[in-house]
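Novice: how does the following fold in three dimensions:
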Amino acid sequence: MDDPILWGILPLPYIFSPDNLRWGLGSYDLCFTNKGLSTFFTFGQVLPTHRSAHSNFGGLFQPTITEAIRLLSRGPFMHEQDPPTKPATSVKSPDVIDPFSGGHLSFSTNGQDTFPAPSAYRSRRHAWVHIFPEGMIHQSEQRIMRYFKWGVSRLILESEPMPDIVPIFIEGFDNIMHETRTFPRFIPRPFQNVRVTFGEKLDADEVFGDLRARWKQMRAREEKRSGPLDMGVLNDALKYSDEAVSLRKECTRRIRQAVLDVRRQRGYPEDDPKNSLASTWLREGPHREGRKEDASITKDT
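Specialist: Numbering: from 1, shown residues only. Below you'll find the predicted structure:
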């Protein structure tokens with residue numbers, strides 16, 4: 001419910017201008033389980049995203065994150081010099097693939113499915129990509145945020161040019177679909193108040209400029225060593241080296257801080273800095289869902 005309700009605040013003409021609509025990341029195991037759902041969410045400009053808790057294809061280096069980086073960047077990204085490769089279709093692939101087009105107009109999330117590659121089209125360059133960076137439902141009376149997923153840092157560090165970044169703080173969706181709701185559980189509760197607070201567009205060069213400069217230096221070193229890399233494609237050093245991991249952690253911390261600044265405008269108290277660390281949330285134990293010690297409730301989206 002969060003995504004469609006959130007963008008219901010936009011003027012109606014936006015609905016009829018797909019080039020100006022947001023792209024989102026949707027859970028593969030929920031939104032892309034069959035051809036009908038895959039077609040629906042693909043037309044809704046949702047990118048199929050695997051979650052590590054439910055798929056071996058998850059993580060911040062999956063093809064969908066590459067596609068999101070390219071959408072934010074100066075495209076289009078069609079690599080016609082490479083032989084077109086088109087993955088075998090599966091029952092989870094949407095019915096929107098042109099059978100006469102080459103593989104450079106599509107991408108696969110797991111080597112079996114096939115999805116249109118929006119970054120291959122000029123009209124999609126410098127697109128609007130919206131994410132919920134916590135990656136799961138987290139309902140807290142104090143509006144405390146969990147740590148942000150590191151994939152958000154890739155969108156900031158690797159996109160070219162630097163994308164515009166607008167932090168948003170949302171309240172009230174838990175009143176519509178609270179995890180403790182009783183029968184009829186599947187029906188959203190109407191007539192609830194939802195507040196969407198937009199922060200100012202960040203001065204991205206000031207906030208992230210030093211991190212992006214270090215990233216570009218790293219990438220240049222690796223390309224000199226191993227050859228050119230396509231946009232959004234990384235070698236092992238750029239994925240797993242201590243320097244790369246450190247950059248992603250710091251970038252993610254800064255974007256979370258930007259959202260906290262908007263939260264503070266709403267009158268909420270200062271956040272515990274430890275809440276920004278993934279290690280802090282290990283105290284939840286092996287059970288990801290349910291009520292936690294701090295009385296908050298978590299659930300996979």
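Novice: contacts and neighbour counts: CA atoms only from here.
Specialist: Will do.
Novice: which residue is the nearest non-sequential neighbour of the most centrally placed residue in the chain?
Specialist: With the centre of the chain defined as its mean C-alpha position, the nearest residue by C-alpha atoms, centre = their mean is Ile131, 4.1 Å away. Using C-alpha to C-alpha, 6 or more residues apart in numbering and skipping residues adjacent in sequence, the residue nearest Ile131 is Gly24, 6.0 Å away.
Novice: and for Cys251?
Specialist: Of all residues beyond its chain neighbours, the one nearest Cys251 is Ser153 (5.5 Å), with distances taken as C-alpha to C-alpha, 6+ apart.
Novice: for that neighbour, what are its contacts?
Specialist: If a contact means C-alpha atoms under 8 Å, 6 or more residues apart in numbering, then Ser153 has Arg248, Lys249, Cys251, Thr252 as its contacts.
Novice: quick check: the third one is in a helix.
Specialist: I take that to be Cys251. Yes. Remark: Cys251 belongs to a helix, assigned using DSSP: H, G, I helix; E, B strand; the rest coil.
Novice: with adjacent residues omitted, what lies nearest to Asn110?
Specialist: On the basis of C-alpha to C-alpha, 6+ apart, the spatially nearest residue to Asn110 that is not a chain neighbour turns out to be Phe57, at 6.4 Å.
Novice: burial count for the one you found?
Specialist: For Phe57, the count of nearby residues is 17 (other C-alpha atoms under 10 Å).
Novice: any low-confidence regions in this structure?
Specialist: Residue ranges of the chain with pLDDT under 70: 1, 79-89, 97-103, 139, 283-288, 291-295, 300-301.
Novice: try 80 this time
Specialist: 1-9, 15, 78-92, 95-104, 136-142, 175, 178-182, 185, 278-301 (pLDDT under 80).
Novice: would you mind giving the domain segments of it?
Specialist: 1-130, 135-165+179-301 (automatic domain parsing).
Novice: picking that back up, does the residue nearest to Asn110 touch Ser108 like I think?
Specialist: No. Taking contacts as C-alpha atoms under 8 Å, Phe57 lies outside contact range of Ser108: 10.9 Å.
Novice: format the CA atom coordinates belonging to the lengthiest strand in the chain as CSV.
Specialist: What stands out as the longest strand in the chain, according to DSSP state E, is strand 22-27. What follows is strand 22-27 as a C-alpha-only set of coordinates in CSV (Å, rounded to 0.1, in the frame of the first residue of the first chain):
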residue,chain,number,x,y,z
ARG,A,22,8.9,7.0,-10.4
TRP,A,23,10.6,3.7,-10.8
GLY,A,24,10.5,1.5,-7.7
LEU,A,25,12.1,-1.7,-6.4
GLY,A,26,9.6,-4.5,-5.8
SER,A,27,10.1,-7.9,-4.0
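Novice: next secondary structure element downstream of that strand?
Specialist: In the C-terminal direction, the helix or strand that comes right after strand 22-27 (DSSP states H and E) is helix 28-31.
Novice: by contact count, what packs against that next one?
Specialist: Contact here means 3 or more C-alpha pairs under 8 Å, 6 or more residues apart in numbering; DSSP states H and E; on that basis helix 28-31 packs against helix 35-43, strand 46-49.
Novice: ok, and for that helix, which residues are buried?
Specialist: The neighbour-count criterion (16 or more other C-alpha atoms under 10 Å) identifies Tyr28, Cys31 as the buried residues of helix 28-31.
Novice: and the contacts of it?
Specialist: Applying C-alpha under 8 Å, 6+ apart, the set of residues contacting helix 28-31 from outside is Leu37, Ser38, Phe41, Pro48, Thr49, His50, Arg51, His54.
Novice: if we go to 6 Å?
Specialist: Residues lying outside helix 28-31 but in contact with it, judged by C-alpha atoms under 6 Å, 6 or more residues apart in numbering, are Leu37, Pro48, Thr49, His50.
Novice: circling back to that earlier point, ok, which of the domains of the chain comes nearest Glu171?
Specialist: Of all these, domain 135-165+179-301 sits nearest to Glu171, with 5.2 Å by C-alpha to C-alpha.
Novice: next up, the contacts around Lys35.
Specialist: Applying C-alpha under 6 Å, 6+ apart to Lys35 gives the contacts Val91, Lys92, Ser93, Pro94.
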